[in-house]
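Participant: Need the 3D shape of this:
(one chain, ligands or ions: 2)
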Amino acid sequence: MSVVVYAPASIGNVSVGFDVLGAAVSPIDGSLLGDRVEVAAGDQPFTLKCVGDFVAKLPAEKEENIVYHCWLVFARELDKKSIELKPVAMTLEKNMPIGSGLGSSACSVVAALDALNRFHNLPLNEVELLTLMGEMEAKISGSLHYDNVAPCYLGGLQFMVQELGIISQSVPCFDDWYWVMAYPGIKVPTAEARAILPSQYRRQDVIAHGRYLGGFIHACHSQQPELAAKMVKDVVAEPYRERLLPGFSNARQYALEAGALASGISGSGPTMFSVCNDLEVAKRIARWLEDNYVQNDEGFVHVCRLDSTGSKVTGSEL
Ligand SMILES: Nc1ncnc2c1ncn2[C@@H]1O[C@H](COP(=O)(O)OP(=O)(O)OP(=O)(O)O)[C@@H](O)[C@H]1O
Ligand SMILES: N[C@@H](CCO)C(=O)O
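Facilitator: Numbering: from 1, shown residues only. Ligands and ions are numbered 1, 2, ... in the order given. Below is the predicted model:
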């Protein structure tokens, strides 16, 4: 018996909700923008094989791959419950560029933990598993934030409530929105993009942040797309991170003039996202970004929709 789990790309922050809002996305052409992990019965406690387009960018040592740490914490939790851990042969299909702002490490973490849990007949519940996913993200980026792992695992637009034993809850979004995702092909490590942020903010920024985030969530629940799009503004990270993203300011200006409802930095960058409610506009912006924002052969642009499913089983073998 074996299982393969796919975990999709995600947009951390969605501009307006630094560390507390995230969205899962999948390309409309059906291509996979995410990692896959296979868990099969092994003849040793743990083995890991890595394949996929971005395998060369992974750490050379197996012990440095976050998938190995996922197995360690999963084993720890099973031990606490006195549940037997099966020997596993894991394979990571690394399709996501690292340090892209697309939640690459989250894809590996979510696919690995979801697959391990399914392989063991679901010994951990959703909150227990998401807690481990957050622990793994914190290990990588240096601080606990669920805005990639929660949408990647649960799908859709997710708001991190982190109260009453709940980590994240789903927020209704707009079915006709397209999300143009443009990855330029350069790397921006999350930990570095966090280190440049101020440790304190001015009162006017705090007030603006509250208005934008409150206004966005309100507009989503009352289904006012125009108002929601106006609220997609980032006063916490974008003003400081913009300088790490060559061409971002021009690209955002182009997208706005071409008819995008909003644009921003995906996660900690360098991927940029643009929201459109018209497919032709989305495709036009995608073409322009391919020519003007993508910097090398590793970059790409996808027109996406929200991925309402999150991680899912795609078969039993890679
Ligand atoms: N399976 C894995 N996938 C991705 N990164 C991994 C993996 N295993 C270990 N790493 C390491 O974790 C770090 C991930 O860096 P970082 O958090 O910047 O990437 P990211 O998850 O792609 O960022 P973002 O969330 O902005 O997309 C890198 O140092 C990378 O070598
Ligand atoms: N919320 C995190 C997401 C990282 O992908 C940040 O912006 O640093």
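Participant: Around ligand 2, pick out the residues from the stretch 101-250 of the chain.
Facilitator: Residues of the stretch 101-250 of the chain found near ligand 2 (CB under 6 Å from any ligand atom) are 101, 103, 145, 147-148, 190, 193-194, 237. Backbone N, C-alpha and C define where each C-beta goes, glycine included.
Participant: which of those residues are close to ligand 1?
Facilitator: Among these, the residues lying close to ligand 1 (CB under 6 Å from any ligand atom) are 101, 103, 148, 190.
Participant: Can you add secondary structure, pLDDT and neighbour count and give the residues of the stretch 101-250 of the chain next to ligand 2 back as a markdown table?
Facilitator: Compiled in a markdown table, those are given as follows (DSSP: H, G, I helix; E, B strand; the rest coil; pLDDT from 0 to 100; neighbours: other CB atoms under 10 Å):
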| residue | secondary structure | pLDDT | neighbour count |
| --- | --- | --- | --- |
| G101 | coil | 96 | 30 |
| G103 | coil | 96 | 34 |
| H145 | coil | 94 | 23 |
| D147 | coil | 97 | 27 |
| N148 | coil | 97 | 35 |
| T190 | helix | 89 | 25 |
| A193 | helix | 94 | 22 |
| R194 | helix | 93 | 16 |
| A237 | coil | 98 | 23 |
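Participant: all helices of the stretch 1-150 of the chain, in order?
Facilitator: 66-80, 104-119, 126-141, 149-154 (DSSP state H, counting those that start in this stretch).
Participant: out of these, deepest packed?
Facilitator: helix 149-154 (a mean of 31; mean count of other CB atoms under 10 Å).
Participant: gap between the closest residue to ligand 2 within the stretch 1-150 of the chain and ligand 1?
Facilitator: Residue of the stretch 1-150 of the chain nearest ligand 2, by CB to the nearest ligand atom: G12 (3.0 Å). Applying CB to the nearest ligand atom, to the nearest Å, the value for G12 to ligand 1 is 6 Å.
Participant: what sits against the closest residue to V73 other than its chain neighbours?
Facilitator: Excluding the flanking residues, the one nearest V73 by CB to CB, 6 or more residues apart in numbering is L132, at 5.2 Å. Neighbour list for L132: 70, 73-74, 77, 113, 124 [criterion: CB atoms under 8 Å, 6 or more residues apart in numbering].
Participant: Can I get the residues you listed in JSON lines including pLDDT and distance to ligand 1?
Facilitator: As requested, the contacts of L132 are exported to JSON lines (pLDDT from 0 to 100; distance: CB to the nearest ligand atom, whole Å):
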{"residue": "C70", "pLDDT": "98", "distance to ligand 1": "9"}
{"residue": "V73", "pLDDT": "98", "distance to ligand 1": "14"}
{"residue": "F74", "pLDDT": "98", "distance to ligand 1": "15"}
{"residue": "E77", "pLDDT": "98", "distance to ligand 1": "20"}
{"residue": "L113", "pLDDT": "98", "distance to ligand 1": "12"}
{"residue": "L124", "pLDDT": "98", "distance to ligand 1": "20"}
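Participant: just those now: which is nearest V275?
Facilitator: Nearest to V275 among the contacts of L132, counting by CB to CB, is L113 at 29.7 Å.
Participant: Skipping adjacent residues, who's closest to V281 in space?
Facilitator: Nearest residue to V281 in three dimensions, chain neighbours excluded: G259, at 4.1 Å (CB to CB, 6+ apart).
Participant: Next up, the contacts around that neighbour.
Facilitator: The contact partners of G259, taken as CB under 8 Å, 6+ apart, are 276, 278, 281, 284-285.
Participant: Looking at the record's assignment, how would you partition the protein?
Facilitator: Domain assignment of the chain by the TED database yields the ranges 2-171, 178-306.
Participant: What segments of the chain are strands?
Facilitator: 2-12, 21-27, 34-41, 46-51, 88-93, 157-163, 166-171, 178-183, 262-265, 272-276, 300-306, 312-315 (DSSP state E).
Participant: could the ones you listed be laid out in JSON lines, adding mean pLDDT and mean neighbour count?
Facilitator: Formatted as JSON lines, these follow (pLDDT from 0 to 100; neighbours: other CB atoms under 10 Å):
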{"stretch": "strand 2-12", "mean pLDDT": "98", "mean neighbour count": "27"}
{"stretch": "strand 21-27", "mean pLDDT": "98", "mean neighbour count": "27"}
{"stretch": "strand 34-41", "mean pLDDT": "98", "mean neighbour count": "24"}
{"stretch": "strand 46-51", "mean pLDDT": "97", "mean neighbour count": "15"}
{"stretch": "strand 88-93", "mean pLDDT": "98", "mean neighbour count": "23"}
{"stretch": "strand 157-163", "mean pLDDT": "97", "mean neighbour count": "18"}
{"stretch": "strand 166-171", "mean pLDDT": "98", "mean neighbour count": "16"}
{"stretch": "strand 178-183", "mean pLDDT": "98", "mean neighbour count": "25"}
{"stretch": "strand 262-265", "mean pLDDT": "98", "mean neighbour count": "23"}
{"stretch": "strand 272-276", "mean pLDDT": "98", "mean neighbour count": "26"}
{"stretch": "strand 300-306", "mean pLDDT": "98", "mean neighbour count": "21"}
{"stretch": "strand 312-315", "mean pLDDT": "95", "mean neighbour count": "14"}
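Participant: Understood, closing this out.
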